[in-house]
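Engineer: sharing a model that was predicted from the sequence below.
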Amino acid sequence: MTAPKSSVASSVPHILVLHGPNLNLLGAREPEVYGHDSLADINARLDCLAQATGALCLSFQSNSEGALIDFIHAAPQKGIGFIVINPGGLTHSSVALRDALSGVALPFIEVHLSNIHAREPFRHRSMLADQAVGVIAGLGVRGYEFAVMWALEYLQKRS
């Protein structure tokens, strides 16, 4: 987990990748659903992807809804220009997470390793999707990579 640092040059594009509850168990938890990559593996890949373009990718995981919300609230002051979020189980229930993302008005992509629409009916509804720039589901780790690549292109066009 890397926390945003305010000492980084503001001209460098900053992407915040947020991982919600239980994603710290990736690689061990239901690998047939979520794959074999650990959260550290995913974060390292995303960091390399961003660095290759001169950007900064900051990652944070928490099992606490409040900690995720605090990171979202701090994002604008930390120079974050885009958020990639896998809200985990909070996808289907968190009005507070939705309000936090709306409140900071930063563009974001919602990512899910599994195809939530091919799973239990309660997983089909996202509290965030209608506010997201896009939603990527069912592509495994590649979904995170696609989201970060798209975010980098978006930030490049805006600078």
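Structural biologist: Nice, thanks for sending it over. Please read these numbers as outputs of a predicted model, since none were measured by experiment. Numbering: from 1, shown residues only.
Engineer: in what helix or strand does Leu16 lie?
Structural biologist: Assigned by DSSP states H and E, Leu16 belongs to strand 14-19.
Engineer: which residues are in contact with the helix or strand following that strand?
Structural biologist: Toward the C-terminal end, the helix or strand that comes next after strand 14-19 (DSSP H and E) is helix 31-34. Helix 31-34 has contacts (C-beta atoms under 8 Å, 6 or more residues apart in numbering) with 26, 113-114, 140. The way it works is simple: take the backbone N, C-alpha and C, and place the C-beta from them, glycine included.
Engineer: helix or strand right after the helix or strand Val111 falls within?
Structural biologist: Assigned by DSSP H and E, Val111 belongs to strand 108-112. As assigned by DSSP H and E, the chain's next helix or strand after strand 108-112 is strand 134-137.
Engineer: give the buried residues for the least confident helix or strand in the chain by mean pLDDT.
Structural biologist: The helix or strand of the chain with the lowest confidence, counting by mean pLDDT, DSSP states H and E, is helix 31-34 at a mean of 74. By neighbour count on 16 or more other C-beta atoms under 10 Å, the buried set for helix 31-34 is Tyr34.
Engineer: try stretch 134-148
Structural biologist: Quick answer for stretch 134-148 (16+ other C-beta under 10 Å): 135-137, 139-141, 143-148.
Engineer: contact partners of that stretch?
Structural biologist: Against stretch 134-148 from outside (C-beta under 8 Å, 6+ apart): 15, 17, 34-35, 37, 41-42, 45-46, 49-50, 57, 84, 86, 109-118, 126, 129, 150.
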